[in-house]
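Novice: kindly return the folded structure for what I paste below:
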Amino acid sequence: MRVTAFLDIPGQDNLPPLTRLEKYAFSENTFNRQIIARGLLDIFRDFSDNEEDFLMVIEIIVRLSEDAEPTVRTELMEQIPPIAIFLQENRSDFPVVLSEYLIPIVVRYLTDPNNQVRKSSQEVLLILLEQDLIFQHDIENKVCPVLLQLSAPDSDDEYKAEAVSIICKMASMLSKSTVEHLLLPRFCELCGDGTLFQVRKVCAANFGDICHAVGQEATEKFLIPKFFELCSDAVWGMRKACAECFTAVSHSSSPGVRRAQLSPLFIRLVSDPCRWVRQAAFQSLGPFISTFANPSRAGLYLREDGALSIRPLTPDFDSGFASGSHAPSSGGNTSPTSLTSSAKPVQREPELPVEGTSAKTSNFLHIGSSSDGPTENPVESSVSAGAELTRLSPETSAFSKLSDNNDFPISSYPGSDSWACPGNSEDVFSHFLYWRTPLPDISKDLELLLSEAGPQEDYCSRPGVVHNNCVARSEIQKVLDSLQEHLMNDPDVQAQVQVLSAALRAAQLDSVNEPESKPTAGLNEVSISDPSSASDNQITLSASSSQNELFVARILQSTDPGEPRNGTSDHLETDQRQDPTLLEENKSKLQDIIPQPLLDQYVSMTDPARAQTVDTDIAKHCAYSLPGVALTLGRQNWHCLKDTYETLASDVQWKVRRTLAFSIHELAVILGDQLTAADLVPIFNGFLKDLDEVRIGVLKHLYDFLKLLHEDKRRDYLYQLQEFVVTDNSRNWRFRYELAEQLILILELYSPNDVYDYLMHIALKLCADQVSEVRWISFKLVVAILQKFYSNSESALGLNFINELIIRFRHCSKWVGRQAFAFICQAVVSKECVPVDQFVEHLLPSLLSLASDPVPNVRVLLAKALRQMLLAKAYFRNAGNPHLEVIEETILALQSDRDQDVSFFAALEPKRRNIIDTAVLEKQN
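Specialist: Residues are numbered from 1 along each chain as shown. Got it, this is the predicted structure:
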């Protein structure tokens with residue numbers, strides 16, 4: 001019934017319908033006006049055929065839009081979208097009507113004094129934009145001017161907040177040029193609104209949408225500076241909103257801006273004093289890292305259908321850090337094992353400091369080489385790695401210039417794997433020597449150079465060290481003072497203060513013990529005659545300072561908002577002795593795909609302290625985003641995430657393990673078969689024995705994971721598949737249902753003999769399940785097994801399975817088993833998975849014997865199988881078929897059955913008949 005049906009009552013006031021409409025539209029009774037506004041769509045349907053009546057209705061709408069009652073205006077506004085759609089479909093003059101009558105009403109209501117009316121008009125405006133019903137001319141000349149007026153600095157705060165919200169929401173629906181020229185300047189202005197933080201918060205929450213709307217160029221030119229301001233806002237809610245939209249902003253930025261500007265900014269958010277900001281930042285850390293994905297370097301591509309494609313790595317000269325190192329890729333499917341296994345052992349010369357180079361610079365450069373691949377120039381690699389972690393000091397810059405003349409020993413440039421090889425120097429792999437023609441033996445020249453440079457070393461290096469220590473102490477003290485105000489509020493800050501205090505004490509000891517640096521030079525003299533001990537000493541000396549230097553400098557970076565840093569400080573050095581294995585572990589986590597501080601923060605999400613200071617679910621967020629991070633780094637950098645993945649896999653929270661279980665098949669595709677067998681299979685085996693909440697994640701993608709394994713590894717799981725039948729809770733029938741579905745897919749991965757020995761017994765057990773849904777899907781599994789046997793010409797296995805089915809189901813004491821036998825026979829005929837001669841010889845006699853079953857439910861399914869399946873096949877309808885007579889006799893007996901349902905389905909004609917076969921039978925008759 002129409003809302004305005006009362007207008008059709010004949011004889012009411014003796015007025016025509018249109019006049020009666022006008023009377024009620026302007027009645028003093030508010031309810032009458034509300035009814036008219038609510039039924040405007042029906043009114044348009046009744047009066048749109050006549051042009052004069054249509055114009056009269058338009059005039060009534062315009063007058064009704066000026067009603068003083070807010071409820072009437074709200075009802076009118078809610079009818080605008082359906083009216084616009086109706087006019088678009090039925091009126092040729094729709095653009096004129098919408099532009100001249102309806103759009104002005106919507107725009108005017110954006111400034112309505114009533115809040116409910118404004119909200120309705122805002123929703124209607126967005127609906128019209130989404131449906132593409134407003135033309136570009138009206139947007140630029142009618143809608144945008146009003147929004148710019150409402151968002152002006154002198155506008156009312158409430159109107160301003162609503163206007164900026166509309167601007168942000170409609171940006172994605174407008175053209176790029178419209179947003180960039182009309183709305184972008186005002187949006188940038190609102191981002192710096194200092195009077196109302198709600199306005200800035202709306203801008204921060206929708207920053208990613210605006211960046212996507214205007215494109216990369218405008219984002220980097222106008223929006224990135226504003227984004228930096230919002231990330232440094234005094235209100236923590238603003239910084240939290242920025243952390244939540246950080247990934248969207250990164251998607252709209254170039255790789256250079258993403259690495260050089262957004263990465264340090266994100267590190268500041270991760271180290272924010274407010275716990276809620278850190279929580280949002282860590283949740284966005286994994287998605288932000290995924291924006292660094294470069295398919296040409298990782299060798300992993302996503303096709304249009306979303307599937308992962310593996311392609312060989314293309315040789316490029318951009319595999320170093322973004323700061324300028326160039327390392328050629330080895331090409332092909334490069335893996336970490338392939339690089340190390342093909343390395344040729346080279347002999348390393350002992351370390352020899354160069355005249356004019358401080359001891360600090362020498363140690364610093366040992367840390368600097370962090371490229372995972374073979375580098376074209378080891379000096380550039382060291383400088384690039386250092387630039388990624390810190391700014392080079394003047395001493396280091398001088399060293400870089402000096403190194404271009406090949407005046408420095410090769411041993412000062414250890415490869416990325418050299419830390420793991422203390423002891424015999426012949427086992428150490430040098431990227432420089434691997435990619436270069438072997439250099440001539442200059443050991444005698446080195447001895448001569450050492451004897452000449454030895455007396456000058458102490459003189460040249462001491463002033464630089466003293467200066468560096470002074471700068472380090474002052475910088476550490478400055479950061480300690482800035483952290484005092486947060487000392488009691490945050491355990492993270494307390495830990496940072498402890499590390500900085502230790503670094504300050506170490507720096508003070510350096511200045512006191514400086515005269516002891518000369519024996520170190522003597523150590524280098526001894527190392528000439530014993531290269532092995534020189535290698536050990538070099539590792540020990542480098543390890544003594546690098547660990548603390550890296551950590552302290554990252555604290556300095558996170559606590560210095562004025563000048564973002566890229567990594568370690570270039571003035572810090574300590575002599576604290578640490579285990580070289582710790583440095584080896586940190587070295588193994590270095591890569592050049594993403595900024596190293598981001599990866600360090602991501603890996604730290606598994607630290608139990610993070611759950612106390614950031615978020616109890618931080619490990620779950622880490623597990624959720626791990627496949628994306630692994631895809632970004634590529635399989636050649638899996639070693640950076642291996643320990644993290646193993647930690648998450650053994651997490652005490654089952655939700656974390658469940659998250660990994662649901663994504664382990666995707667990670668297996670990313671890593672490839674070799675890494676999957678080495679690193680994921682043990683974790684997969686652990687998940688198989690876990691809680692049902694975790695096992696269901698593995699089970700849902702069991703086929704996807706097993707198909708990635710080699711055949712020998714895959715066969716190991718045949719026996720373990722039986723464990724899925726047993727669940728922690730017997731009522732968890734969906735678990736067994738999922739198992740049956742997966743087994744249907746898994747059949748293709750195993751040979752018929754394996755299916756017969758292992759999977760067939762699982763299928764038979766599922767067919768006897770207490771839950772009906774599990775039994776029905778298991779019957780389909782049985783049919784798939786039969787199809788597997790006969791499609792592989794294993795008739796003997798198929799016959800044995802058929803005999804097993806007859807014993808278990810046809811002669812089952814329960815009627816459910818006999819009904820299952822009828823369903824299986826029906827499915828076998830439908831799928832044609834068994835040859836016809838085998839079916840009529842082994843299954844058909846047992847099937848027809850069910851006609852005398854005492855349970856009607858069994859006879860009903862038999863009637864369906866005979867009438868709807870068997871007789872639908874041309875083989876059984878052939879007049880010369882010897883089995884046709886027996887089938888027809890059985891059907892006649894079922895048609896006269898005392899149960900009405902049985903007789904009904906026995907008399908029902910087959911749903912599908914072959915037209916050609918039917919015509920042939922008619923001709924024969």
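Novice: CA atoms for contacts and neighbours, from now on please.
Specialist: Fine.
Novice: tell me where the protein has strands.
Specialist: Ranges of strands within the chain are 300-302, 308-310, based on DSSP state E.
Novice: quick check: mean pLDDT of the last one?
Specialist: Per-residue pLDDT over strand 308-310 has a mean of 67.
Novice: go on, stretch 682-699?
Specialist: Averaged across stretch 682-699, pLDDT comes to 93.
Novice: can you check stretch 100-118 too?
Specialist: Stretch 100-118 comes out at a mean pLDDT of 92.
Novice: repeat that for stretch 632-642.
Specialist: Taken as a whole, stretch 632-642 has an average pLDDT of 92.
Novice: pull up the distance across stretch 594-607, start to finish.
Specialist: Terminal residues of stretch 594-607 lie 21 Å apart, using CA to CA, to the nearest Å.
Novice: for that stretch, list every residue counted as buried.
Specialist: Residues 594-599, 601-603, 605-606 are the ones in stretch 594-607 that count as buried (16 or more other CA atoms under 10 Å).
Novice: return the closest of these with respect to Thr613.
Specialist: Met605 (11.0 Å; CA to CA).
Novice: quick check: buried residues in stretch 288-299?
Specialist: Residues 288-295, 297-299 are the ones in stretch 288-299 that count as buried (16+ other CA under 10 Å).
Novice: outside of stretch 726-736, which residues touch it?
Specialist: For stretch 726-736, contacts defined as CA atoms under 8 Å, 6 or more residues apart in numbering pick out 691-692, 696, 724-725, 766, 771, 774.
Novice: how about a cut-off of 10 Å?
Specialist: Residues outside stretch 726-736 that contact it (CA atoms under 10 Å, 6 or more residues apart in numbering) are 690-693, 695-696, 699-700, 724-725, 739-740, 742, 766, 769-775, 777-778.
Novice: make a ChimeraX selection of the buried ones in the residues you listed.
Specialist: Buried members of these, defined by 16+ other CA under 10 Å, are picked up in ChimeraX with:
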select :690,692,693,695,696,699,700,724,725,739,740,742,766,769,771,774,775,777,778
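Novice: from the contacts of stretch 726-736, which ones fall inside helices?
Specialist: 692-693, 695-696, 699-700, 739-740, 742, 766, 772-775, 777-778 (DSSP state H).
Novice: what's the closest of these to Glu140?
Specialist: Of all the ones in helices among the contacts of stretch 726-736, Glu140 sits closest to Lys700, with 51.4 Å by CA to CA.
Novice: so who does the closest residue to the closest one other than its chain neighbours touch?
Specialist: Using CA to CA, 6 or more residues apart in numbering and skipping residues adjacent in sequence, the residue nearest Lys700 is Glu738, 6.6 Å away. By CA under 10 Å, 6+ apart, Glu738 lies in contact with 696, 699-702, 724, 774, 777.
Novice: how about JSON lines for the residues you listed, with distance to Ala25 added?
Specialist: Below are the contacts of Glu738 laid out as JSON lines (distance: CA to CA, whole Å):
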{"residue": "Ile696", "distance to Ala25": "62"}
{"residue": "Leu699", "distance to Ala25": "64"}
{"residue": "Lys700", "distance to Ala25": "61"}
{"residue": "His701", "distance to Ala25": "62"}
{"residue": "Leu702", "distance to Ala25": "66"}
{"residue": "Phe724", "distance to Ala25": "70"}
{"residue": "Val774", "distance to Ala25": "62"}
{"residue": "Ile777", "distance to Ala25": "62"}
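Novice: what pLDDT does Gln79 get?
Specialist: pLDDT, Gln79: 92.
Novice: what number of residues lie near it?
Specialist: Taking other CA atoms under 10 Å as the criterion, the count of residues near Gln79 is 16.
Novice: ok, now how distant is it from Ser793?
Specialist: Counting by CA to CA, the separation of Gln79 from Ser793 is 68 Å.
Novice: next: Ala822.
Specialist: From Ala822 across to Ser793, the span is 25 Å (CA to CA).
Novice: likewise Arg259?
Specialist: Between Arg259 and Ser793 the distance is 59 Å, computed by CA to CA.
Novice: between those two, which one's more packed in?
Specialist: Arg259 (21 against 12).
Novice: which residue packs closest to that one, ignoring adjacent ones?
Specialist: Counting by CA to CA, 6+ apart, Arg259 lies nearest to Pro595, which is 6.7 Å off, once chain neighbours are set aside.
Novice: that neighbour touches Gln261, doesn't it?
Specialist: No. Judged on CA atoms under 10 Å, Pro595 makes no contact with Gln261 at a distance of 11.0 Å.
Novice: and the chain, what are its domains?
Specialist: Split into domains by the TED database, the chain comes to 749-849, 853-924.
Novice: so for the residue lying closest to Ser903 once chain neighbours are set aside, what's the pLDDT?
Specialist: Leaving out its chain neighbours, the residue that sits closest to Ser903 by CA to CA, 6+ apart is Gln895, at 4.1 Å. On pLDDT, Gln895 comes in at 89.
Novice: and Ala260, how many residues sit next to it?
Specialist: Other residues within reach of Ala260, judged by other CA under 10 Å, total 17.
Novice: same question for Ser271.
Specialist: 20.
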